[in-house]
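# Sequence plus predicted model, see below.
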Amino acid sequence: MRIARFSDNGTPKYGVVDGPELAVLSGHPLVDGYETSGERVAIKEVKLLSPTLPSKIVCIGMNYSAHAKEIGQDVPDEPLMFFKPNTAVIGPGDQIQLPHQSQKVELEIELAVVIGKLTKNVSVAEAAEHVWGYTVGNDVTARDLQFSDLQWARSKGFDTFCPIGPWIETEFDAEDQVIESRVNGEVRQKATLADMNFKPLELVSYVSENVTLLPGDVIVTGSPAGISKIDSGDVIECEIEGVGTLINPVA
Ligand code: MG
């Protein structure tokens, strides 16, 4: 099942994707379940929003060996965690803004895990029960600031630097699906999810042993190699086989 969040004339609502339409839900799916209101809307006719409003975005660095190598880092022995603020989140179709502080902003397509319930100290075996579903994330990064600042808060945390969407796929197991980003139709990153060093459920367990995850929180699981600069006017497509395609223009 694919759960989208959309604007109904300014009111955020959820809907279940059914072909080209959404079957509108009566309330918040994590609170009220999947009861539908009977209303249906065409996806093309509504503005999709970020499918979740996380309290925090936990990011995993260097989880694909080829990406660690391309930025001159070693693959860590245990997951490398950092955060993006929730003010960085934008939805499908929203513009990525290039901050004047950076001369080199790059895209990073990542599989995003969306948490479904309070998650603290869960084992890998328990982790799946705590996952609501999966979506596509883009860990937009000011690469020059990542290397000039001691911490990554600024380089990863600018407003609009966390596009998420287009919806949450609740029936998905990360295996060897293709993960691919394109800029203006040209492929920039292409790998499979099998290339991840730490698997999504291992990451949910690991993160939960360090910080408490809340319903709606997001873990972005690291970027494959092929990161590249984005410029004003570009159109970024991030596609994960079996999940969907997240499209964002650069302002
Ligand atoms: Mg990243």
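Thanks, I have it. These numbers were taken from a predicted model, which means no experiment stands behind them. Numbering: from 1, shown residues only.
# Not counting sequence-adjacent ones, nearest residue to T36?
Closest residue in space to T36, ignoring its immediate chain neighbours: A23 at 4.9 Å, by CB to CB, 6 or more residues apart in numbering. Bear in mind the C-beta positions are built from the backbone N, C-alpha and C, glycine included.
# Run through who's touching whatever helix or strand the one you found lives in.
Element membership for A23 (DSSP states H and E) is strand 21-25. Identification of contacts with strand 21-25 by CB atoms under 8 Å, 6 or more residues apart in numbering yields 3-4, 6, 8, 13-16, 32, 34-43, 46.
# List the contacts of the lowest-mean-pLDDT helix or strand in the chain.
None of the helices or strands of the chain scores lower by mean pLDDT, DSSP states H and E than helix 65-70, at a mean of 90. Residues from elsewhere that reach helix 65-70, judged by CB under 8 Å, 6+ apart: M62, D74, V75, A191, D195, N197, G222, S223, P224, A225, G226, I227.
# go again using 7 Å as the cut-off
By CB atoms under 7 Å, 6 or more residues apart in numbering, the residues outside helix 65-70 that reach it are M62, D74, V75, N197, S223, P224, A225, I227.
# quick one: which of those residues is nearest the ion?
S223 (4.3 Å; CB to the ion).
# what about that closest one, neighbour count?
Neighbourhood size, S223 [other CB atoms under 10 Å]: 32.
# Does it touch E106 like I think?
No - look at S223 against E106 with CB atoms under 7 Å: they stay out of range, at 9.2 Å.
# among the contacts of helix 65-70, which are in reach of the ion?
Contacts with the ion within these, counted by CB under 5 Å from the ion: S223.
# Need the contacts of helix 65-70 in a markdown table (columns: secondary structure).
A markdown table is the format used below for these (DSSP: H, G, I helix; E, B strand; the rest coil):
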| residue | secondary structure |
| --- | --- |
| M62 | coil |
| D74 | coil |
| V75 | coil |
| N197 | coil |
| S223 | coil |
| P224 | coil |
| A225 | coil |
| I227 | coil |
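# can I get the contacts of helix 65-70 in TSV with pLDDT?
Conversion of the contacts of helix 65-70 to TSV gives the following (pLDDT from 0 to 100):
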residue	pLDDT
M62	93
D74	86
V75	87
N197	96
S223	96
P224	96
A225	95
I227	88
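# which of the contacts of helix 65-70 tops the neighbour count?
Greatest neighbour count in these, by other CB under 10 Å, goes to S223: 32 neighbours.
# And for that one, nearest residue in space, chain neighbours not counted?
By the measure of CB to CB, 6+ apart, the closest residue to S223 outside its immediate chain neighbours is E108, 3.5 Å from it.
# Let's test this: mean pLDDT of the strand holding A23, rounded?
Strand 21-25 comes out with an average pLDDT of 98.
# Need the CA coordinates for that strand. PDB is fine.
What follows is strand 21-25, C-alpha atoms only, in PDB (Å, rounded to 0.1, in the frame of the first residue of the first chain):
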ATOM      1  CA  GLU A  21      -6.200   8.400  -7.900                       C
ATOM      2  CA  LEU A  22      -6.000   8.700  -4.100                       C
ATOM      3  CA  ALA A  23      -8.600   7.100  -1.900                       C
ATOM      4  CA  VAL A  24      -8.800   9.800   0.800                       C
ATOM      5  CA  LEU A  25      -8.400   8.700   4.400                       C
END
